[in-house]
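Student: what shape does this take:
(one chain, ligands or ions: 1)
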Amino acid sequence: MSVRISLVHLTKQFTKEQAIFTAVDDVNLEVTSGELVTLLGPSGCGKTTTLRMIAGFETPSNGSILFDGSDVTSVMVNKRDIGFVFQSYALFPHMNVFDNVAYGLRARRLGPSEISKTVEESIELVGLKKSNALYPNQLSGGEQQRVALARVLALKPRVLLMDEPLSNLDAKLRIHMRTEIRRLQKHLGVTCLYVTHDQKEALTLADRIVVMNKGHVEQVETPFELYANPASLFVADFIGGANVLQGIIESVHSGYLEVSLNNVLITARAAAGQSFSPGDRATLVIRPESISLHPVRDALSGRIVTRTFVGDRIDYEIQLSADSVLRAEIPYSYATQVLEEGSETGFTVNMMDIVALRA
Ligand SMILES: Nc1ncnc2c1ncn2[C@@H]1O[C@H](COP(=O)(O)OP(=O)(O)OP(=O)(O)O)[C@@H](O)[C@H]1O
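Tutor: Numbering: from 1, shown residues only. The predicted model follows:
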């Protein structure tokens, strides 16, 4: 039922303030059948426009969209067999849950018993039993989004497109719903493209993440790889938050580099596909949670300038030199030693957790 989606040189230009503006810039992507891929990036980077082109709501300026190898770029929206879930649930306020979910099936002129059976199945699938007679204004935001999902799933689409579907929900419900969406998508095996600007949502939901920036694709990877092997500073910074420090490559070895950081020699690994020579400047990416603190015993040390308790961890900002500050996130338990602001601390980072990018 589900399909492989290929985006080939997909480009969309708009006219903005009498100038041509490229919202989606030569995007190439293969989404395998049954895969959940998130499009992740800051506001305005072209995520929604990409999704709308796949749905058929926007016509590409250039490039093509293929489903299982056949070109659907010029195929009408209603012939693409796509389900689209919006941020605003877009339910009909004057229809109850049953009629909202049945709407698309009636438009397809299915018989009453088939409609009834499919609606019941879809409502059960999204965990909304016994709500058939209720109207949207009698439901919570989470329940309304479930109805919107049931309405789309009732049509058994080959492709599921979701545009920030959880943005209107509170944080706790969002976490619950994303697990539900993942479970449903895997259960149905439907190919899914999911737009979000929330990196946690992307990391927890996706088989692979497409990081977009200013209309183009920065990197496409599994969540684990993206986190461990960012290909650019943009990705490193956007995913997970990162300390970014400048160093100089001192020597290059098989599998590791020696880098001078504030005149201290540390070891790091080169980012995937990047190579260095002694003397090169390098941008070092260090995740705050990969740092451990200990009493000062060598030159890798600094002064704690801020300490913030966040419940399950303590965040420290450590001044290394006049212009470099390191953020460390230390898991907290009652046994954890809590350090004072103003005190000196040493720190270590596993070599594998320091990634060098070309500066
Ligand atoms: N119809 C349009 N006419 C002109 N410009 C447009 C149009 N639609 C989108 N844009 C512009 O294209 C760029 C990309 O928009 P898009 O909605 O795809 O971004 P996004 O990554 O989904 O952002 P957000 O997370 O804020 O929704 C933006 O600068 C937007 O203003």
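Student: name the SS class of Ser251, please.
Tutor: Per DSSP: H, G, I helix; E, B strand; the rest coil, the local secondary structure of Ser251 is strand.
Student: Leu7: what's it in contact with?
Tutor: Neighbouring residues of Leu7 by C-beta atoms under 8 Å, 6 or more residues apart in numbering: 27-30, 50, 54, 63-65. C-beta here means a position set from N, CA and C on the backbone, and glycine is covered the same way.
Student: before we move on, what about Asp315?
Tutor: 288, 306-308, 327-330.
Student: let me know the pLDDT of it.
Tutor: Per-residue pLDDT puts Asp315 at 96.
Student: now Val195
Tutor: For Val195, the model assigns a pLDDT of 96.
Student: mind giving me the domain split of the protein?
Tutor: 5-233, 241-358 (the TED database).
Student: start and end of the first one, how far apart?
Tutor: Using C-alpha to C-alpha, to the nearest Å, the end-to-end distance of domain 5-233 comes out at 28 Å.
Student: same question for the shortest one.
Tutor: Between the opening and closing residues of domain 241-358 lies a distance of 18 Å (C-alpha to C-alpha).
Student: what of stretch 27-40?
Tutor: Start-to-end, stretch 27-40 (C-alpha to C-alpha) is 14 Å.
Student: one more: stretch 265-277?
Tutor: The first residue of stretch 265-277 is 16 Å away from its last residue (C-alpha to C-alpha).
Student: so what touches that stretch?
Tutor: Residues contacting stretch 265-277 (C-beta under 8 Å, 6+ apart): 229-231, 247, 249-250, 252, 255-260, 282, 284-285, 300, 349, 351-352, 354-358.
Student: circling back: quick one: which of the domains of the chain is nearest the ligand?
Tutor: domain 5-233 (3.2 Å; C-beta to the nearest ligand atom).
Student: quick check: what element follows the helix or strand containing Leu293 along the chain?
Tutor: Taking DSSP states H and E as the criterion, Leu293 maps to strand 291-294. Tracing the chain C-terminally past strand 291-294 and defining elements by DSSP H and E, one meets strand 301-309 next.
Student: show me what that following strand is packed up against.
Tutor: Applying 3 or more C-beta pairs under 8 Å, 6 or more residues apart in numbering; DSSP states H and E, one finds that strand 301-309 contacts strand 313-321, strand 344-349.
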